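# With the sequence up front, the predicted model follows.
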Amino acid sequence: GENVEQHPSTLSVQEGDSAVIKCTYSDSASNYFPWYKQELGKRPQLIIDIRSNVGEKKDQRIAVTLNKTAKHFSLHITETQPEDSAVYFCAARYGNNRLAFGKGNQVVVIP
Amino acid sequence: NAGVTQTPKFQVLKTGQSMTLQCAQDMNHNSMYWYRQDPGMGLRLIYYSASEGTTDKGEVPNGYNVSRLNKREFSLRLESAAPSQTSVYFCASSEGTGLYGYTFGSGTRLTVV
């Protein structure tokens, strides 16, 4: 199956700075990579995704980049705000429409 | 549009008791999933149903059973609860092509004492 790893496990940033979370995956056949944000006590919510035929995708202050050769993809959050504080999960699609999730990154935005 | 609805939201069980977690989606999605979330472990797939009438084991199926009752509903059953099954359980659904993300339910926090 697919193995997805996320680094770093915890990231603290000053408000207004950028945050970058990197994930690696093992299955070269994976073709879909979503990112989820989970606030404390809430459900994971999809914030952005990228398919393997695209190298970068942006949505306002968030962007995702994909390097298929190196099998890694990254989430970029610019101009961080306190409401960006949450756990972020990356995932990769593998066989029969399943998603394998990384263990999550705790992002703390310091006001 | 409710999305994915899970019941109950909280449950405390004694070791050896059984219970069923219910999940229903109103988005006409083909695929449904059950995950458990434990601190530091991320989301781990218990069982999934790629389409109505099919179910398959995921990463951590031991101690669980599932039923895809119809296209809308996918239940998770614990036959004899153990303390190791204390966790937060999330149901999710997707349209089934593999190119769109999952929609998650609000979760069930289960404690087994």
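Yep, that arrived. Residues are numbered from 1 along each chain as shown, chains lettered A, B, ... in the order given.

# what's the helix or strand for the residue nearest to the spatial centre of chain B?
Central residue of chain B (C-alpha atoms, centre = their mean): B:Trp34, 2.8 Å from the mean position. Using DSSP states H and E, B:Trp34 sits in strand B:31-38.

# With A:Phe89 instead?
Per DSSP H and E: A:Phe89 is located in strand A:86-94.

# right, and the helix or strand after that strand?
strand A:98-101.

# pLDDT score for the residue nearest to A:Pro111 when sequence neighbours are not counted?
Computed as C-beta to C-beta, 6 or more residues apart in numbering or on different chains, the closest residue to A:Pro111 that is not its neighbour in sequence is A:Glu15, at 5.2 Å. C-beta coordinates here come from the backbone N, C-alpha and C atoms, glycine included. Per-residue pLDDT puts A:Glu15 at 98.

# ditto for B:Asn1
Listed pLDDT for B:Asn1 reads 62.

# Equivalent analysis for B:Thr7, please.
97.

# Shouldn't A:Glu83 be within a helix?
Yes - read with DSSP: H, G, I helix; E, B strand; the rest coil, A:Glu83 is one of the residues of a helix.

# what residues are up against it?
By C-beta atoms under 8 Å, 6 or more residues apart in numbering or on different chains, A:Glu83 lies in contact with A:Val109.

# name the helices or strands packed onto the strand holding A:Phe89?
Contact partners of strand A:86-94 among helices and strands, from 3 or more C-beta pairs under 8 Å, 6 or more residues apart in numbering or on different chains; DSSP states H and E: strand A:4-7, strand A:19-25, strand A:32-38, strand A:72-77, strand A:98-101, strand A:105-110.

# related to what we said a few turns ago, and the residue nearest to the centre of chain B, how close does it get to chain A?
12 Å (C-beta to the nearest C-beta, to the nearest Å).

# Hmm, B:Cys91 and that residue touching each other?
Yes - at 5.8 Å, B:Trp34 counts as touching B:Cys91 under the criterion of C-beta atoms under 8 Å.

# Find residues that contact each of those two.
B:21, B:23, B:74, B:76.

# any chance of these in CSV, with secondary structure, distance to A:His76 and neighbour count too?
Shown next, in CSV, are the shared contacts of B:Trp34 and B:Cys91 (DSSP: H, G, I helix; E, B strand; the rest coil; distance: C-beta to C-beta, whole Å; neighbours: other C-beta atoms under 10 Å in any protein chain shown):
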residue, secondary structure, distance to A:His76, neighbour count
B:Leu21, strand, 36, 23
B:Cys23, strand, 33, 25
B:Phe74, strand, 35, 28
B:Leu76, strand, 36, 22
